[in-house]
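Engineer: Requesting a structural model of the entry that follows:
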Amino acid sequence: GDKTRMDRLSRNPLAYIRPSPARGTLGGVTRATREVIVLCEAAGFDFIIIETVGVGQSEVAVHSMVDFFLLLMLAGAGDELQGIKKGIMEMADGIVINKADGDNLLPAQRARAEYEGALHLLRPSSDGWQPRVLTSSAIEDQGMQDVIAMLDAYRTTADQNATWYPKRQEQYKAWLHETIGHLLLDRFYADPAIKIALEEKEYQVARRKIPATVAATQLIELYLQQTSR
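Structural biologist: Modelled structure (predicted):
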C-alpha cells in the first residue's frame, strides 16, 4: 500500500505497511511477496492484505498467494467492459465497486448489478462459494464492514466445505514451483559460458539467421553440459 494515501492506517500501532516495488515482475506483485507473507504471519499479524499494482486479464500471480481474491473496480472508468470478460473475473472470490459516493453512487450501483449478472454466468473460483459484489466508499467510510462480513462468510464456508487448508497447500506448492523457476533463471543467466554464448545467439536471432526457438534450445543444452561437468 501507498503510505501517503493511507495516513490513518499508517499511524495505527496495530498495523504494519510495507511498500514493495514490483521491479518489473509480472503479476502485480514482487518476487519476495510470498516471503513477506510468511514473515508477517510469524510476527503475529492475522489479517494480511496484498495490494497489487494494476493488473491485466492474465497478470494474476497474486491469486496463487492468497486465501481470498478480492477484485476492486471503479464504475464509469471502463472497468465494466474489462471485468465482464473472462480471465480475472473467473478468479475473483468477491468484487467491490469503490468510490460509491456523490455523483458516482448511481453508476456504482448499476455496475454492481451488471457484475452480479456476469458472475452468475461464470464458474465460481472456490467450491461452495458464490462470489459477491459490494459497493464501498473509502472517503465516506461506507461498506467496509460489509467487506469484512463477506470475508468472514467465505472463511466459514471454506471451513464447512473443507477447502481452506487444501487451498493453502496449493499455495505452498505454487511457491515451490515458482521458486524453482526463479532459481533456474538466475543460475542460467549467471553462468559465464551462457553470458558469452547469449550475446552471439542474440546477434543471430536479431538478424534472423536462426529462429529464437533454436537459439534457446542450444543455450539450454550448453547450460546442461556446463552443469553436468
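
Engineer: From the rest of the structure, what touches stretch 218-225?
Structural biologist: Applying CB atoms under 8 Å, 6 or more residues apart in numbering, the external contacts of stretch 218-225 come out as 188, 191, 193, 194, 197, 198, 201. Where you see a C-beta, it was placed from the backbone N, CA and C, and this is true even at glycine.

Engineer: list the buried ones in that stretch?
Structural biologist: If you call a residue buried by 16 or more other CB atoms under 10 Å, then stretch 218-225 has these buried ones: 219, 222, 223.

Engineer: Only the buried subset of the contacts of stretch 218-225, as a PyMOL command please.
Structural biologist: Those of the contacts of stretch 218-225 that count as buried under 16+ other CB under 10 Å are selected in PyMOL with:
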select buried, resi 191+194+197+198+201
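
Engineer: my guess is residue 163 meets residue 154, correct?
Structural biologist: No. Contact criterion CB atoms under 8 Å: residue 163 and residue 154 do not qualify, at 10.1 Å.

Engineer: Wasn't residue 129 part of a helix?
Structural biologist: No. Using DSSP: H, G, I helix; E, B strand; the rest coil, the assignment for residue 129 is coil, not a helix.

Engineer: give me the element the nearest residue to it once chain neighbours are set aside is part of.
Structural biologist: Ranked by CB to CB, 6 or more residues apart in numbering and with sequence neighbours excluded, the top spatial neighbour of residue 129 is residue 157, at 5.1 Å. In the assignment (DSSP states H and E), residue 157 maps to helix 144-160.

Engineer: and that helix, what's its mean pLDDT?
Structural biologist: Averaging pLDDT along helix 144-160 gives 95.

Engineer: picking up where we left off before, counting neighbours, go ahead and name the busier of residue 163 and residue 154.
Structural biologist: residue 154 (21 against 15; other CB atoms under 10 Å).

Engineer: quick one: that one and residue 49, what's the gap?
Structural biologist: According to CB to CB, to the nearest Å, residue 154 stands 14 Å off from residue 49.

Engineer: if we can go back for a sec, so what sits against both of residue 163 and residue 154?
Structural biologist: residue 126.

Engineer: Now do the strands in this structure.
Structural biologist: Listed in chain order, the strands of the chain (DSSP state E) span residues 70-74, 94-98, 132-135.

Engineer: Mean neighbour count, these: which tops it?
Structural biologist: Ranked by mean neighbour count, those are led by strand 94-98 with a mean of 23 (mean count of other CB atoms under 10 Å).

Engineer: what lines up beside it in the sheet?
Structural biologist: Neighbouring strands of strand 94-98 in its sheet, by DSSP bridges, are strand 70-74 (parallel), strand 132-135 (parallel).

Engineer: what about the shortest one, distance to the chain center?
Structural biologist: On the basis of CA atoms, centre = their mean, to the nearest Å, strand 132-135 sits 19 Å off its chain's mean C-alpha point.

Engineer: on contacts alone, who are the packing partners of the longest helix along the chain?
Structural biologist: Longest helix of the chain, by residue count under DSSP state H: helix 164-190. Applying 3 or more CB pairs under 8 Å, 6 or more residues apart in numbering; DSSP states H and E, one finds that helix 164-190 makes contact with helix 144-160, helix 192-206.
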